[in-house]
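Enquirer: model this:
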Amino acid sequence: MQAADQQILGRARDWLTEAELPVWLCTIAAAVGASPRPPGALLVCNGRGEQLGSLSGGCIEEDLLERLREDGLPGARAALIEYGVSAAQNERLGLPCGGRLQVLVQRLQVQSDLPWLEAALAAIGARRCLRRVVDISTGATRYGEEELHQALDFDGRELAQSFGPQMRLLLVGAGQLSQGLAELALAMDYDVLVTDPRPSMLEQWEGPSVPLLGGMPDDVVRDHASDRHSIVITLTHDPRIDDMALMEALTTPAWYVGALGSRRTTDRRLQRLRQLELSEEQLASLHAPVGLDIGSKTPLEIAVSIMAQLIQLRRQPGRR
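Expert: Residues are numbered from 1 along each chain as shown. Predicted structure coming up:
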């Protein structure tokens with residue numbers, strides 16, 4: 001499954017090259033107060049009224065498309081459109097009370113915009129990051145690859161936005177908890193893989209349709225979840241399986257490594273990993289017990305606590 005940004009940029013490229021129709025890329029540049037979608041959310045639309053993506057999940061899209069079909073940014077390649085400037089507009093458009101959005105609308109051009117669209121799609125496909133910077137006054141875009149995904153930056157003159165691959169979530173263990181966790185993660189746009197060296201567990205998988213990988217856990221981590229956009233979580237309670245995955249994952253640049261288990265189980269696990277010559281710095285990056293402490297007991301409650309912790313960490317400034 002492709003990440004949402006990848007789908008939207010791919011559709012923009014296809015529309016731009018397939019037909020002589022106007023194509024607009026719309027980005028939430030800034031949000032004040034309550035906002036249905038965060039800054040950086042994308043929508044692409046064309047002169048036929050087709051669209052992909054979301055800015056509000058409500059009537060902003062309808063109003064914006066109507067404006068573009070009627071006016072089409074006359075004389076400009078880029079413009080900022082503000083929503084939520086009054087209580088009456090909030091009520092008419094379905095924005096939360098007090099919410100205000102600034103939307104950057106770009107009229108895409110084959111010669112100037114196709115190169116950065118192609119470069120962004122290539123970077124995402126190769127699990128790398130690319131950052132575009134849009135000059136609001138001219139609509140011109142410059143771009144380049146970057147090591148890490150950065151937060152959107154908008155100063156009123158330029159908008160800088162990073163594009164990168166989906167976060168990949170490797171679940172070690174194909175039990176009931178993995179099934180619920182996979183469901184939640186897929187709904188939140190993660191790329192989910194499940195591995196288990198026990199064929200019987202893979203055969204009994206009743207979760208969503210995701211890649212099921214056999215083989216040794218350390219090999220699977222090394223081959224499929226060892227970059228900065230990867231998350232590895234061990235869930236089997238079997239140290240012969242979990243420790244092998246953790247031993248490998250903690251030596252990689254993986255964004256998050258977590259392990260299921262009580263605090264007593266975690267203490268014993270850390271002792272074993274020290275014997276495998278992992279450093280204290282590497283061990284300090286292990287999230288264990290995995291998930292937020294919300295009193296969860298059932299498999300689905302534990303899955304919710306894990307996803308909540310991932311959301312919390314991904315929203316922290318500077319942690320990308």
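
Enquirer: May I see the buried residues of the helix or strand hosting I302?
Expert: Taking DSSP states H and E as the criterion, I302 maps to helix 299-315. By 16 or more other C-beta atoms under 10 Å, the buried positions in helix 299-315 come out as P299, L300, I302, A303, V304, S305, I306, M307, Q309, L310. Every C-beta, even on glycine, is put in place using the N, C-alpha and C of the backbone.

Enquirer: Over to stretch 157-174?
Expert: 159-174.

Enquirer: do stretch 218-225 as well
Expert: D218, V220, V221, H224, A225.

Enquirer: again, but for stretch 236-252
Expert: Counting neighbours by 16+ other C-beta under 10 Å, one finds that the buried residues in stretch 236-252 are 236, 239, 241-252.

Enquirer: Show me the buried residues of stretch 157-174 that map onto strands.
Expert: Judged by DSSP state E, the subset of these located in strands is L159, A160, Q161, S162, F163, R168, L169, L170, L171, V172.

Enquirer: what's the most distant pair in those residues?
Expert: Maximum pairwise distance among those (C-beta to C-beta): 39.2 Å, between L159 and V172.

Enquirer: could you dump the buried residues of stretch 218-225 to TSV with distance to V192, pLDDT and secondary structure?
Expert: Shown next, in TSV, are the buried residues of stretch 218-225 (distance: C-beta to C-beta, whole Å; pLDDT from 0 to 100; DSSP: H, G, I helix; E, B strand; the rest coil):
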residue	distance to V192	pLDDT	secondary structure
D218	19	96	helix
V220	13	97	helix
V221	15	97	helix
H224	11	95	helix
A225	11	95	coil
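
Enquirer: Quickly name whichever of these is closest to S200.
Expert: Minimum distance to S200 across the buried residues of stretch 218-225 is 17.4 Å, recorded for V220 (C-beta to C-beta).

Enquirer: The closest one and A249, how far apart?
Expert: Counting by C-beta to C-beta, to the nearest Å, the gap from V220 to A249 is 10 Å.

Enquirer: Is R13 in contact with W116, as I believe?
Expert: No. If you go by C-beta atoms under 8 Å, R13 and W116 don't touch, sitting 10.0 Å apart.

Enquirer: For I294, give me its contacts.
Expert: Residues in contact with I294 (C-beta atoms under 8 Å, 6 or more residues apart in numbering) are E301, V304, S305, A308.

Enquirer: residue contacts, the third one?
Expert: Listed by C-beta under 8 Å, 6+ apart, the contact set of S305 reads G291, L292, D293, I294, S296.

Enquirer: Among these, which lie within helices?
Expert: For those, membership in helices holds for none, with DSSP state H as the criterion.

Enquirer: Filter the residues you listed down to the buried ones.
Expert: So, by 16+ other C-beta under 10 Å, the buried ones in these are G291, L292, S296.

Enquirer: Closest to R69 out of these?
Expert: Set against R69, the nearest of the buried ones among the contacts of S305 by C-beta to C-beta is L292 (45.7 Å).

Enquirer: tell me the pLDDT at the closest one?
Expert: Looking at L292, its pLDDT stands at 96.

Enquirer: so what pLDDT did S54 get?
Expert: Reported pLDDT for S54: 89.

Enquirer: check contacts around it.
Expert: Residues near S54 by C-beta under 8 Å, 6+ apart: R37, A41, L43, E61.

Enquirer: hmm, try it at 10 Å
Expert: A4, I8, I28, P36, R37, A41, L42, L43, I60, E61 (C-beta atoms under 10 Å, 6 or more residues apart in numbering).
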